[in-house]
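Asks: Test case, fold it:
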Amino acid sequence: MGVGYNRGIFLRKCRPSRAAFCVQEIRSLKDKIMKTFVHNVLPKLFARICAIGLIHVLTLGTSFVAISNPLSVSADLEGEAEKTITINADEEILWFARAIYSETKIASEQKLVAWVIRNRVESDKYPNSYRDVVLQSGQFSGFSISDRQYHINTSMTFEDSSPSWDSAVAIAREVYTAPEALRPLSKTVMHFYSPISVSRTPLWAQGRVAEHIVRDNKTEGIRFAFYADIN
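Replies: The predicted structure is shown next:
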């Protein structure tokens, strides 16, 4: 609601004999205008700027986390923001599950592999998204184009179903948001390999003691060895 005044009345009041009163009137009018601007105009202007900026972010397809604030944003924009976040989270979890599935089909081993991948995502030594960590060159053999399971590993979807894939998806969802207290390995464990699946020990593991190993229940052979502090 704007602030106005009757110009004729105001001019009649401002006679030379009443100069002091005129100054007071002007100051009072100035205060009213400033209060109107600060309390009505400025918040609406700022909200409009925020809304335009939000639309621009959504147009670029950039991920962001909505932070609550006292300014109102339209319900449509908030809905688009939530949709963007959900889509990106699902994509991350899908790549996370694909990597888990590519390494082992046993649920107990899948959980350990999952925490190693999360350790990498949270480390400043690796990319900060699950997709980029999984697809990083020379890291996960199941995503090398020469691997026999490459096309399967890169094409699995949430619509697919099998006991081992369902387990991988469930573990990916769980570990993706799990609290630190549930971490089964130290945060510096970012490497592992399967001794029963390779013909020789990788160079980075030679001469090192694994922090954690998983043995085959029948043969007692080492199925997985997990290492910390590998540079």
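Asks: Could you pick out the longest strand of this protein?
Replies: Criterion DSSP state E: the longest strand present in the chain is strand 222-228.
Asks: buried set for that one?
Replies: Residues Arg223, Phe224, Ala225, Phe226, Tyr227, Ala228 are the ones in strand 222-228 that count as buried (16 or more other Cβ atoms under 10 Å). All C-beta spots, glycine's among them, are computed from the backbone N, C-alpha and C.
Asks: Let me see the domain layout of this structure.
Replies: Per automatic domain parsing, the domain ranges recorded for the chain read 7-59, 85-228.
Asks: ok, of those, where does mean pLDDT dip lowest?
Replies: Lowest mean pLDDT within the domains of the chain: domain 7-59, a mean of 52.
Asks: which residue ranges form the helices in this structure?
Replies: Counting by DSSP state H, one finds helices in the chain at the ranges 7-13, 19-36, 42-60, 75-103, 107-122, 130-135, 150-153, 163-177.
Asks: hang on, the earlier thing: mind picking the two most distant members of the buried residues of strand 222-228?
Replies: Arg223 and Ala228 (18.4 Å; Cβ to Cβ).
Asks: which of the domains of the chain is buried the deepest?
Replies: Comparing these on average neighbours per residue, with mean count of other Cβ atoms under 10 Å, the densest one is domain 85-228 at a mean of 16.
Asks: list the contacts for Val214?
Replies: By Cβ atoms under 8 Å, 6 or more residues apart in numbering, the contact list for Val214 reads Ser108, Glu109, Leu112, Ile222, Arg223, Phe224, Ala225.
Asks: so Lys187 makes contact with Arg120?
Replies: No. Because the distance of 10.4 Å does not satisfy Cβ atoms under 8 Å, Lys187 is recorded as not touching Arg120.
Asks: Surely Phe192 touches Val116?
Replies: Yes. Under the criterion of Cβ under 8 Å, Phe192 lies in contact with Val116, with a separation of 5.6 Å.
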